[in-house]
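Asks: Structure, please.
(6 chains)
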There are 6 protein chains.
Amino acid sequence: MSKLTHLDSQGHAHMVDVGTKDDTQRQATAEAYISMTPETLELITSGGHKKGDVFAVARIAGIQAAKQCSNLIPLCHPLMLTSVKVELTAEPENNRVRIESTCKLRGQTGVEMEALTAASVAALTIYDMCKAVDKGMVIEQTRLLEKQGGKSGHWTAES
Amino acid sequence: MSKLTHLDSQGHAHMVDVGTKDDTQRQATAEAYISMTPETLELITSGGHKKGDVFAVARIAGIQAAKQCSNLIPLCHPLMLTSVKVELTAEPENNRVRIESTCKLRGQTGVEMEALTAASVAALTIYDMCKAVDKGMVIEQTRLLEKQGGKSGHWTAES
Amino acid sequence: MSKLTHLDSQGHAHMVDVGTKDDTQRQATAEAYISMTPETLELITSGGHKKGDVFAVARIAGIQAAKQCSNLIPLCHPLMLTSVKVELTAEPENNRVRIESTCKLRGQTGVEMEALTAASVAALTIYDMCKAVDKGMVIEQTRLLEKQGGKSGHWTAES
Amino acid sequence: MSKLTHLDSQGHAHMVDVGTKDDTQRQATAEAYISMTPETLELITSGGHKKGDVFAVARIAGIQAAKQCSNLIPLCHPLMLTSVKVELTAEPENNRVRIESTCKLRGQTGVEMEALTAASVAALTIYDMCKAVDKGMVIEQTRLLEKQGGKSGHWTAES
Amino acid sequence: MSKLTHLDSQGHAHMVDVGTKDDTQRQATAEAYISMTPETLELITSGGHKKGDVFAVARIAGIQAAKQCSNLIPLCHPLMLTSVKVELTAEPENNRVRIESTCKLRGQTGVEMEALTAASVAALTIYDMCKAVDKGMVIEQTRLLEKQGGKSGHWTAES
Amino acid sequence: MSKLTHLDSQGHAHMVDVGTKDDTQRQATAEAYISMTPETLELITSGGHKKGDVFAVARIAGIQAAKQCSNLIPLCHPLMLTSVKVELTAEPENNRVRIESTCKLRGQTGVEMEALTAASVAALTIYDMCKAVDKGMVIEQTRLLEKQGGKSGHWTAES
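Replies: The predicted model follows:
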């Protein structure tokens, strides 16, 4: 059998059967960074209302994307998220914005992909809103930070 | 007026009016990388059919995501892509997979976001299919490589 | 803390965590009205099959929209409706159509938004089908009539 | 033939053939109101960042909904909006929020439904974000204010 | 090069580049049949309003599905249908319902898939509405009847 | 009362109330066939990687469609599939491809429509990928093979 659970013994993709897994409380946190010129970051953060709006749009895009995850990622299970949170922080010292997203669920399958998708789409949304002034922005280090619940238990990324 | 074109003079988000822009041939290429352990990469690449399927699933996910871009990125315009291509390459020397996506359109607005979204979602799909064996995978350096067409003309990333 | 539960202490939007709420039987009923000229209403109601079709299309649109609610309303939770009903009634004495929708669910969060969305989209669909003859139609008084279940219990609108 | 263009001679629904219509510049503006208690309106408007976020979320929801219009309204044509704008204004003297949305397109079919859908969904989003404190809010008077372009030309609502 | 245009020289799937194709008027007609017991067909057709509703729901489902085609069929191009028509006819002599769908577009790519998808989903919808009384229904002979426009010109199925 | 459960006593469509049904383990298997010329089938099956890709794309399309079922079929309930499997087999002796799909769920409503939708969309995807060389392909005999779970218990198609 393949160790890649989404492939059957012939290497064909399928949606893993989670029907016999326990319903447990599950949670996952992911992060992503988007780096930019100091001028671009300044445009985002200058003026309270403007910062509010760029970050507000990215936050909503991330939350909406978490809910769309099973439509985007072919072998993800549809699931009913009980909580999605997306936080954006300007890091002027590093010329970047940090995005952290946390998803929760009580169910039979984990929410890692939902958290990663939320962080990725929030980053893409910042790119979209700033690309007129800075096409060179780079989305860096999208990764899972922590997951809880399910058979594999608690996992945290090496820092 | 804000230099961020998606914000009006009060800092409120809106979908930029492209109605007066010319219809031109537009094209954009983006890339992303996903790094993993050598063992994970080996699982993906060992056996022709398996590689075929993991990469085939990620390729399709990227293509589908490009078409969903305006639903994911709040201020993107709906548009009719004439071409989407997603290529995946194993780079065993760097323990990673490289993803390159190219989108084309004849229209009033660029396809940078479509190309970036395709690359991001293809990378997320690889994460999904391999996460059972390697939760520490990292998606790195999602960025625009090149764009053509439109008023801002030809742009290429600094290498 | 903000009294608006969708905003955190900093005023940032998030999807409220319902993970600790009880699964209870929940139900909500909403209504909307669309007013029009007597001639337009007559066109809708004259002839059995025609009435059938305009109302049938609006009914289906309302039901479909209830299922799309969490994609439309950014901070709504995805949920699994167990029942959706949309009823349309011509009120010739008031030159309008009344729409009433009821949604049900056993779950951790209420279905008020699903019922309101169903009524709104059914009304918009009537507008769409009749706009060639009557652009002045007005959708009036979309509101929640009643909800049951959940911590806040039974609520009915003042008449 | 039926005067309701979405019904054929037998009263069956279909998507009207617009293939022979001219490509013209089209524009439509719609409005909606949501009335609430003075306390609810105060919660929305007190504190700059909070106002920003409630209105920012509703604005994004309205813009996204305009793009989803042809999926929500069964007989609407898919189209490529070139501009969507959603403006929200608190009207404390009337205990309500006013929503105005404008959509633009160069194409063969009008954008009235897109503008109306944007206004409706923005109003529903405000309901969602405030329903914990005020279930009695009412969405009033969703209607088309003005349309331009196409064979039927310029139309404005009676005030 | 592969003769299958959706596969590149390495057999990898991609969305065919139609950017250099001419904009022409395109049209496609498809059909499908769903066979059932005489009793089931009688239930559908007995009583004017009932027939109206089952067929009305299937008709709407088919029209909506045509618009969703590029989201369902991975390598289909997004496009802006100018017309969709779905007709359902009871054929009591053959214990079946016939579905015929026609889609139109002025564009760079054909609408065969849209017509086939409309017919398929209309048939599935009839199955859904009647499955409580007849699980043995069979959808038969979903096929393209005719296409016009584009480089390959006029094509008709052998009868 | 109508025997067609999706119609109320007046023949109006609604989403059947499943709120009082038991949560049981449910499973359904459907099949579809797509017939083609021997040359087309040969193109699909010749060369390991090519076969892999055509079938891989159709498989993914089927899986994705099963998850979209409640958006496509108007009166289907949203549900959380725990497993989707789509298998494709070339049958050179009959000049066709056989598709078999199985869906599973623990819930209050069956998954027949999800299985049928997966098989239909997988077949449509094969049509799409091969239509450049063979427009005369026919999708034949899409039907339910077996269902388990729920009040109506075990059902198998007559062979």
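Asks: The helix or strand bottoming out on mean pLDDT in chain A near chain F anywhere?
Replies: Across the helices and strands of chain A, mean confidence by mean pLDDT, DSSP states H and E is lowest for helix A:48-67: a mean of 83. No. Helix A:48-67 stays clear of chain F (C-beta under 8 Å from any C-beta of the partner chain), getting no nearer than 12.1 Å. All C-beta atoms are positioned from the backbone trio N, CA, C, and that covers glycine.
Asks: That helix relative to helix D:48-67, how many degrees between them?
Replies: Orientation check (axes from the mean of the first three to the mean of the last three C-alpha atoms, to 10 degrees): helix A:48-67 against helix D:48-67 gives 50 degrees.
Asks: quick one: helix A:48-67 to chain centroid distance?
Replies: Here the centre of helix A:48-67 is set off from its chain's centre by 13 Å, with C-alpha atoms, centre = their mean, to the nearest Å.
Asks: Helix, strand, or coil at A:Leu79?
Replies: Using DSSP: H, G, I helix; E, B strand; the rest coil, the secondary structure recorded for A:Leu79 is coil.
Asks: hmm, back to that, which helices and strands sit right next to the least confident helix or strand of chain A?
Replies: helix A:38-45, strand A:83-91, strand A:96-107, helix A:112-130, helix B:69-72, helix C:69-72, helix D:48-67 (3 or more C-beta pairs under 8 Å, 6 or more residues apart in numbering or on different chains; DSSP states H and E).
Asks: can you list the ones you listed in TSV and add mean neighbour count?
Replies: Conversion of these to TSV gives the following (neighbours: other C-beta atoms under 10 Å in any protein chain shown):
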stretch	mean neighbour count
helix A:38-45	17
strand A:83-91	20
strand A:96-107	24
helix A:112-130	29
helix B:69-72	24
helix C:69-72	24
helix D:48-67	25
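Asks: Nearest to B:Met36, out of those?
Replies: Closest approach to B:Met36 among the helices and strands packed on helix A:48-67 is made by helix A:112-130 (14.2 Å; C-beta to C-beta).
Asks: what about that closest one, near chain F?
Replies: No. Figure legend: helix A:112-130 not in contact with chain F (C-beta under 8 Å from any C-beta); closest approach 13.5 Å.
Asks: Let me see the mean pLDDT of the helix or strand just after that helix.
Replies: On the C-terminal side of helix A:112-130, the nearest following helix or strand under DSSP states H and E is strand A:138-148. Averaged over strand A:138-148, pLDDT sits at 97.
Asks: if we can go back for a sec, and the helices and strands packed on helix A:48-67 as TSV, adding distance to B:His154?
Replies: Formatted as TSV, the helices and strands packed on helix A:48-67 follow (distance: least, C-beta to C-beta, whole Å):
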stretch	distance to B:His154
helix A:38-45	21
strand A:83-91	31
strand A:96-107	27
helix A:112-130	19
helix B:69-72	22
helix C:69-72	37
helix D:48-67	29
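Asks: Quick one, which of those gets closest to F:Thr109.
Replies: strand A:96-107 (17.6 Å).
Asks: any idea of the angle the least confident helix or strand of chain A forms with strand A:83-91?
Replies: Using the same axes, to 10 degrees: helix A:48-67 against strand A:83-91 is 140 degrees.
Asks: Does A:Asp53 touch B:Gly11 like I think?
Replies: Yes. Between A:Asp53 and B:Gly11 there is a contact at 5.1 Å, judged by C-beta atoms under 8 Å.
Asks: coming back round to it: lowest average pLDDT across the helices and strands packed on helix A:48-67?
Replies: Among those, helix D:48-67 scores lowest, with a mean of 84.
Asks: Let me know the angle separating it from helix D:112-130.
Replies: Using the same axes, to 10 degrees, helix D:48-67 lies at 140 degrees relative to helix D:112-130.
Asks: quick one, helix D:48-67 and helix D:38-45 angle?
Replies: 90 degrees.
Asks: hey, C-alpha coordinates of helix D:48-67 in PDB?
Replies: C-alpha atoms of helix D:48-67 as PDB (Å, rounded to 0.1, in the frame of the first residue of the first chain):
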ATOM      1  CA  GLY D  48     -13.400  54.400  13.800                       C
ATOM      2  CA  HIS D  49     -11.900  50.900  13.500                       C
ATOM      3  CA  LYS D  50     -15.200  49.200  14.300                       C
ATOM      4  CA  LYS D  51     -17.100  51.100  11.800                       C
ATOM      5  CA  GLY D  52     -14.400  50.400   9.300                       C
ATOM      6  CA  ASP D  53     -14.700  46.700   9.900                       C
ATOM      7  CA  VAL D  54     -18.500  46.200   9.800                       C
ATOM      8  CA  PHE D  55     -18.800  48.300   6.800                       C
ATOM      9  CA  ALA D  56     -15.700  46.800   5.200                       C
ATOM     10  CA  VAL D  57     -17.100  43.300   5.600                       C
ATOM     11  CA  ALA D  58     -20.500  44.300   4.100                       C
ATOM     12  CA  ARG D  59     -18.800  46.100   1.200                       C
ATOM     13  CA  ILE D  60     -16.700  43.000   0.400                       C
ATOM     14  CA  ALA D  61     -19.700  40.700   0.700                       C
ATOM     15  CA  GLY D  62     -21.600  43.000  -1.700                       C
ATOM     16  CA  ILE D  63     -18.800  43.100  -4.300                       C
ATOM     17  CA  GLN D  64     -18.300  39.300  -4.100                       C
ATOM     18  CA  ALA D  65     -22.100  38.700  -4.500                       C
ATOM     19  CA  ALA D  66     -22.200  40.900  -7.600                       C
ATOM     20  CA  LYS D  67     -19.700  38.500  -9.200                       C
END
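Asks: re the thing from before, could you tell me the angle between the least confident helix or strand of chain A and strand A:96-107?
Replies: 40 degrees.
Asks: Can you name the residues that contact the residue of chain A found nearest chain E?
Replies: Relative to chain E, the nearest point of chain A is A:Asn71 (8.4 Å; C-beta to the nearest C-beta). Under the criterion of C-beta atoms under 8 Å, 6 or more residues apart in numbering or on different chains, the neighbours of A:Asn71 are B:68, F:64, F:67-68.
Asks: With A:Trp155 instead?
Replies: A:Trp155 makes contact with A:144, A:146-148, B:135, according to C-beta under 8 Å, 6+ apart.
Asks: Nearest to chain F among these?
Replies: Nearest to chain F among the contacts of A:Trp155, with distances taken as C-beta to the nearest C-beta, is A:Lys147, at 19.6 Å.
Asks: Go ahead and confirm the closest one touches A:Ala28.
Replies: Yes. A:Lys147 lies in contact with A:Ala28 (C-beta under 8 Å); the separation is 4.4 Å.
Asks: hey, what's in contact with both of these two?
Replies: A:110-112.
Asks: coming back round to it: list residues touching both of A:Asp53 and B:Gly11?
Replies: Taking C-beta under 8 Å, 6+ apart as the criterion, A:Asp53 and B:Gly11 do not both touch any residue.
Asks: gap between the nearest residue to A:Pro38 once chain neighbours are set aside and A:Thr89?
Replies: Leaving aside its chain neighbours, A:Pro38 sits nearest to A:Asn95 (5.5 Å; criterion: C-beta to C-beta, 6 or more residues apart in numbering or on different chains). With distances taken as C-beta to C-beta, to the nearest Å, A:Asn95 is found 13 Å from A:Thr89.
Asks: what do you get for A:Pro38?
Replies: Counting by C-beta to C-beta, the gap from A:Pro38 to A:Thr89 is 16 Å.
Asks: right, is the helix or strand in which A:Ala28 is found up against chain C?
Replies: For A:Ala28, the host element (DSSP H and E) is strand A:24-35. Yes. Applying C-beta under 8 Å from any C-beta, one finds strand A:24-35 in contact with chain C at A:Gln25.
Asks: Partner strands of that strand, with direction?
Replies: strand A:96-107 (antiparallel), strand A:138-148 (antiparallel) (DSSP bridges).
Asks: And whichever helix or strand comes after the last one, how far out from the chain middle?
Replies: Scanning forward in sequence from strand A:138-148 by DSSP H and E, the next helix or strand is strand A:155-156. On the basis of C-alpha atoms, centre = their mean, strand A:155-156 sits 16 Å off its chain's mean C-alpha point.
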